[in-house]
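Chemist: Just to be clear, the model below is a prediction. Sequence and coordinates:
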Amino acid sequence: MVAETSEKRCARCRRELPLTAFARDKNRRDGLRVRCRECVAEHSAAHSRRRREAMGKPVRVKRRYGITEAERDMLVASQRGVCCICLPAPPAHVDHCHETGRVRGVLCFSCDAALGQFKDRPDVIRRAAAYVEGNVWKPTLVAPGVYQLPS
């Protein structure tokens, strides 16, 4: 008969630790993982870091938009280092047509997100601009129940 212990040895760091230092694993005989929580966290962080380095920004830009990091930098330089739409913000996001996949330019986060919210539809963007400028079709109340329509 095996006596129950209050400690277990981690397979990675080889330390004797209390059972609470190990996560549960119903597939193991003792119901606990072979590595302590600390070692699992270190391994997970290192794995994530390796994946981020392997899938660096240049690889992402090339795969997603079909342009190299140097071509993206040339686009930013041709825009004089500013967002094409709002002008003062630094460009950081490659903008592209969702139908054709053609790269249009490099925008700041806000402008790129706004185009996405408007679904790249010029008619909607024009109506939004008219709304902001105050040129939207609005009936004006001239008397109770009587509205004047803009001409």
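Modeler: The structure has been received and is ready for your questions.

Chemist: Buried residues, the longest helix seen in the chain. List them.
Modeler: Ranked by residue count and defined by DSSP state H, the top helix of the chain is helix 37-54. Residues of helix 37-54 classed as buried: 39-40 (neighbour count, 16 or more other CB atoms under 10 Å). In short, each C-beta sits where N, CA and C put it, glycine included.

Chemist: which residues in this protein form strands?
Modeler: 7-9, 16-18, 93-96, 103-107, 140-143, 146-148 (DSSP state E).

Chemist: Export the ones you listed as a markdown table, with columns for mean neighbour count, distance to residue 41 and mean pLDDT.
Modeler: As requested, those are exported to a markdown table (neighbours: other CB atoms under 10 Å; distance: least, CB to CB, whole Å; pLDDT from 0 to 100):
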| stretch | mean neighbour count | distance to residue 41 | mean pLDDT |
| --- | --- | --- | --- |
| strand 7-9 | 14 | 17 | 95 |
| strand 16-18 | 12 | 14 | 96 |
| strand 93-96 | 19 | 32 | 91 |
| strand 103-107 | 19 | 37 | 92 |
| strand 140-143 | 8 | 64 | 82 |
| strand 146-148 | 10 | 65 | 80 |
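
Chemist: okay, those in JSON lines with distance to residue 64 next?
Modeler: Formatted as JSON lines, the strands of the chain follow (distance: least, CB to CB, whole Å):
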{"stretch": "strand 7-9", "distance to residue 64": "45"}
{"stretch": "strand 16-18", "distance to residue 64": "44"}
{"stretch": "strand 93-96", "distance to residue 64": "8"}
{"stretch": "strand 103-107", "distance to residue 64": "10"}
{"stretch": "strand 140-143", "distance to residue 64": "48"}
{"stretch": "strand 146-148", "distance to residue 64": "50"}
